[in-house]
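>>> Using only what follows, build the 3D model:
(one chain, ligands or ions: 1)
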Amino acid sequence: MLDIRNLTKQYGGLTAVDHVSTVFERGAINAIIGPNGAGKTTFFNLVAGAAAPTSGEIRFEGKNIAGMAPDAIARAGIARTFQTTMLFEESTVLDNLIVGHRLRTGSRLWDVLLHTPRHKRDEAACRDKAAEMLDFVGLSAIGNHMIADTSQEQRKRIAFALALATEPKLVLLDEPAGGVNPGETDGLVALIHKMVEHDITVCLIEHKMDMIMSIADRIVVLDHGAKIADGSPGEVRNDPAVIEAYLGAEHAQA
Ligand SMILES: Nc1ncnc2c1ncn2[C@@H]1O[C@H](COP(=O)(O)OP(=O)(O)OP(=O)(O)O)[C@@H](O)[C@H]1O
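Residues are numbered from 1 along each chain as shown. Predicted coordinates for the structure are as follows:
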């Protein structure tokens with residue numbers, strides 16, 4: 001589904017992503033791991049169009065999307081979440097989802113100002129989609145709550161809902177369980193499995209090693225921008241280069 005070839009991003013003299021090649025299969029849960037500064041976020045930015053590669057190809061369903069604008073990549077079927085999602089604190093959960101979805105639909109300014117039939121149709125469609133996504137992520141009961149009153153775990157679910165509203169084929173999740181407790185992490189893991197059941201391919205960045213090892217089908221390990229390992233959790237866990245670069249560092253801290 002996603003075929004990355006020799007992907008490279010340089011910032012001045014620094015190579016943030018260094019000739020990375022890998023393939024993400026449809027229906028799999030893929031993970032990108034690596035120590036701080038390894039290039040994980042930059043990799044996501046390149047795939048989502050937030051940054052243009054210095055060189056290399058990103059083939060999504062056969063088409064090279066490298067360097068395309070984020071909205072064109074979103075339309076092609078790739079959505080992402082961020083480590084922290086900017087939400088309107090004094091609005092309800094449902095309104096945040098409606099606004100988030102409206103930003104991605106076709107109404108132009110004059111449609112909104114003149115209340116054209118197109119705008120009314122879009123408005124109804126956004127409301128329906130927001131309610132559907134809220135249900136999907138298990139938050140229907142808190143649709144009328146203010147964002148300011150929601151927990152970190154609920155915000156993660158809202159971020160998922162915003163991404164899923166664009167009906168992606170591939171979703172990039174940036175630290176989906178960051179800042180939530182172990183019990184809540186289990187619930188988010190179940191939700192990620194539910195996405196896969198609905199034919200959404202997942203790629204995630206996560207620092208929680210236990211979660212990665214239990215959820216991922218494939219793990220790509222980056223270190224100083226370069227891919228140092230690529231395989232199943234078992235393969236990666238036993239790879240000396242990974243132990244040296246990443247797991248070793250974790251153990252040293254423990
Ligand atoms: N816009 C930028 N301009 C200059 N350097 C950048 C930019 N974005 C990232 N970098 C550098 O590229 C390298 C990779 O950073 P990146 O954020 O992709 O790593 P990461 O693996 O996501 O790290 P973390 O786990 O800490 O989030 C770092 O050395 C970082 O300082």
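>>> where along the stretch 101-250 of the chain do the helices fall?
Taking DSSP state H, counting those that start in this stretch to define them, one finds helices in the stretch 101-250 of the chain at 109-113, 117-136, 152-164, 182-197, 209-215, 233-237, 240-242, 248-253.
>>> And the average pLDDT for the first one is what?
Rounded to a whole number, the mean pLDDT of helix 109-113 is 63.
>>> Quick check, pLDDT for the closest residue to Ala165 other than its chain neighbours.
Among residues not flanking Ala165 along the chain, His101 sits closest, at 4.5 Å (Cβ to Cβ, 6 or more residues apart in numbering). Quick note: C-beta positions are derived from backbone N, CA and C, even for glycine. Note on His101: pLDDT of 73.
>>> number of nearby residues for His101?
21 (other Cβ atoms under 10 Å).
>>> check contacts around it.
Cys126, Lys129, Ala130, Met133, Leu162, Ala165, Thr166 (Cβ atoms under 8 Å, 6 or more residues apart in numbering).
>>> 6 Å instead, please
Going by Cβ atoms under 6 Å, 6 or more residues apart in numbering, His101 touches Cys126, Lys129, Ala130, Ala165.
>>> Measure how buried the last one is and give me the count.
Residues within reach of Ala165, counting by other Cβ under 10 Å, total 23.
>>> Quick check: it touching Asp128?
No: using Cβ atoms under 6 Å, Ala165 is not in contact with Asp128; the gap is 10.6 Å.
>>> that older thread, so can I have TSV of the helices of the stretch 101-250 of the chain showing mean neighbour count and distance to Phe43?
Shown next, in TSV, are the helices of the stretch 101-250 of the chain (neighbours: other Cβ atoms under 10 Å; distance: least, Cβ to Cβ, whole Å):
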stretch	mean neighbour count	distance to Phe43
helix 109-113	12	35
helix 117-136	17	26
helix 152-164	22	17
helix 182-197	15	19
helix 209-215	17	15
helix 233-237	16	16
helix 240-242	15	17
helix 248-253	10	19
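>>> Identify whichever of those lies nearest to Ile32.
helix 209-215 (9.5 Å; Cβ to Cβ).
>>> now the closest one: mean pLDDT?
Mean predicted lDDT for helix 209-215 stands at 92.
>>> Could you do stretch 63-73 as well?
93.
>>> got it, and stretch 155-162?
Mean pLDDT, stretch 155-162: 95.
>>> what's the pLDDT at Thr166?
The model's pLDDT for Thr166 equals 87.
>>> That one against Ala79, yeah?
Yes: using Cβ under 6 Å, Thr166 is in contact with Ala79, at 4.9 Å.
>>> For the closest residue in space to Phe160 that isn't next to it in sequence, give its distance to Lys194.
Excluding the flanking residues, the one nearest Phe160 by Cβ to Cβ, 6+ apart is Val137, at 5.2 Å. Here the criterion is Cβ to Cβ, to the nearest Å. By it, Val137 lies 9 Å from Lys194.
>>> Which parts of this structure are strands?
For the chain, the strands defined by DSSP state E occupy 2-11, 14-24, 29-33, 55-60, 63-64, 78-80, 170-174, 201-205, 218-223, 226-231.
>>> Switch these over to CSV; also include mean neighbour count and distance to the ligand.
As requested, those are arranged in CSV below (neighbours: other Cβ atoms under 10 Å; distance: least, Cβ to the nearest ligand atom, whole Å):
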stretch, mean neighbour count, distance to the ligand
strand 2-11, 18, 3
strand 14-24, 18, 3
strand 29-33, 24, 8
strand 55-60, 18, 15
strand 63-64, 12, 22
strand 78-80, 25, 13
strand 170-174, 24, 8
strand 201-205, 23, 7
strand 218-223, 23, 7
strand 226-231, 19, 11
